[in-house]
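> Structure for this input, please:
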Amino acid sequence: MKLQRTILLTLTLALALPSFAQPPRGIRGNGDGQQFMRTELNLTAEQEQQMQELRFKKEAQAIDLRAELQLERLKLRKLRQTDDPNKKKLYAQVDKIGAIEVKLDKARIDHMLKVKKVLTADQF
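Predicted coordinates for the structure are as follows:
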């Protein structure tokens, strides 16, 4: 029994320790994405300002869409909890949610394309 515990503890530690050694995920992992863009991409002042403006617009749009998505998901939950759920209404609500998710995906793509226009080919 003691040997099993020792083996289990050893395996658990062996599997868990590598996760502590991993670097932060992505550029924003260390909270210094803007510094990365300034130094590594050599952005001009104009490019920095354009990128900042694009980020603000993207975030504002994403906030609005995520709020709309949450409200529609709440409506779906309410429809599901009725005594006699209406299949047509449920499907229509799922379609609304899907349409908002598509808008979010398209907004991400639009942002990427706008960023690409601001950067040079080498920077992108």
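> Going by C-alpha atoms from here, please, whenever you check contacts or count neighbours.
Fine.
> the bottom helix or strand of the chain by mean pLDDT?
Least confident helix or strand of the chain, by mean pLDDT, DSSP states H and E, is helix 2-20 with a mean of 63.
> Can you spell out which helices and strands pack onto the helix or strand Ala99 falls within?
Per DSSP states H and E: Ala99 is located in helix 87-118. Secondary-structure packing of helix 87-118 (3 or more C-alpha pairs under 8 Å, 6 or more residues apart in numbering; DSSP states H and E): helix 45-80.
> got the angle for the helix it packs on vs helix 87-118?
170 degrees (axes from the mean of the first three to the mean of the last three C-alpha atoms, to 10 degrees).
> For helix 45-80, name the packing helices and strands.
Contacts defined by 3+ C-alpha pairs under 8 Å, 6+ apart place helix 45-80 against helix 87-118.
> which residues does Asn42 contact?
Gln123 (C-alpha atoms under 8 Å, 6 or more residues apart in numbering).
> Tell me the secondary structure at it.
Going by DSSP: H, G, I helix; E, B strand; the rest coil, the secondary structure assigned to Asn42 is coil.
> Retrieve the pLDDT associated with it.
Model confidence at Asn42, given as pLDDT, is 83.
> What distance do you get for it to Met112?
18 Å (C-alpha to C-alpha, to the nearest Å).
> same question, Glu101
On the measure of C-alpha to C-alpha, Glu101 and Met112 end up 17 Å apart.
> what do you get for Val118?
10 Å.
> List the contacts of Lys89.
Leu79 are the contacts of Lys89 under C-alpha under 8 Å, 6+ apart.
> Can you tell me how far it is from Lys78?
11 Å.
> Quick check: which ranges of the chain have low pLDDT?
1-3, 5-34, 36-38 (pLDDT under 70).
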